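predicted coordinates and the sequence they were generated for:
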Amino acid sequence: MIPEIEKILVSQEEIAAKVQELGSRISADYKGSELLVIGILKGAAIFMSDLVRSIEGAVAFDFMAVSSYGASTESSGVVRIVKDLDQSIEGRHVLIVEDVVDTGLTLNYLVDNLRSRNPASLKLCSLLDKPSRRKVEVKADYLGFEIPDEFVVGYGLDYSERFRTLPYVAVLKPEVYQK
Ligand code: PRP
């Protein structure tokens with residue numbers, strides 16, 4: 001464990017087991033149809049790269065990048081698309097992959113935006129959920145772990161672009177972000 005970390009919340013082993021479990025469920029649910037997985041940069045990149053390899057069957061993937069206006073640690077609900085999809089999703093089975101649903105504002109916007117493009121189906125998979133922080137209702141169809149409202153990093157999640165590559169999800173020591 002690195003010195004900036006207070007405690008590990010979800011271990012590497014727990015994440016690996018959950019990724020396999022979610023991959024099996026997704027494989028069964030989309031059996032026989034091609035799936036388009038959309039990862040929301042940057043946080044979802046690590047989770048998505050593991051998840052797509054645990055899904056059996058035809059899977060294509062693409063990325064979107066969004067930025068929310070306002071304070072850096074909290075989304076404002078006003079979302080700007082920084083990188084859009086490379087392809088049309090009309091008539092396709094789409095699965096959005098996120099690292100964490102927090103206030104729900106980003107996902108609420110994304111779901112509305114993608115739904116207006118007429119996919120055959122649209123579902124959401126998130127590794128983490130902080131339900132106590134929710135401002136608008138968003139529910140993941142596939143969820144890894146519900147976590148408390150703590151400052152977490154690792155497995156894609158960052159603090160000022162640091163700690164994304166940690167193999168576990170961990171709580172950051174307050175003195176790291178209170179400096
Ligand atoms: C995080 C996360 C979600 C969003 C969730 O992204 O990946 O996209 O915040 O927050 P919300 O539910 O309150 O809208 P962030 O803006 O930190 O960007 P990053 O993925 O590039 O780190």
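Now that the structure is in, tell me what you want to look at. As the structure is a computational prediction, the values presented were derived from the model and not from experiment.

all helices for this structure, in order.
12-29, 45-52, 105-115, 174-177 (DSSP state H).

winner for burial among the ones you listed?
Ranked by mean neighbour count under mean count of other Cβ atoms under 10 Å, those are led by helix 45-52, which reaches a mean of 20. For the C-beta atoms, the positions are set from N, CA and C on the backbone; glycine is no exception.

what's the closest non-adjacent residue to residue 69?
Spatial nearest neighbour of residue 69, chain neighbours left out: residue 78 (4.6 Å); criterion: Cβ to Cβ, 6 or more residues apart in numbering.

looking at the helices of the chain, which is closest to the ligand?
helix 105-115 (3.1 Å; Cβ to the nearest ligand atom).

how many residues are close by the closest residue to residue 164 other than its chain neighbours?
Distance criterion Cβ to Cβ, 6+ apart; nearest residue to residue 164, sequence neighbours excluded, is residue 158 at 4.6 Å. Using other Cβ atoms under 10 Å, residue 158 has 15 other residues around it.

for the one 5 residues further on, same thing?
Other residues lying near residue 163 total 21 when counted by other Cβ under 10 Å.
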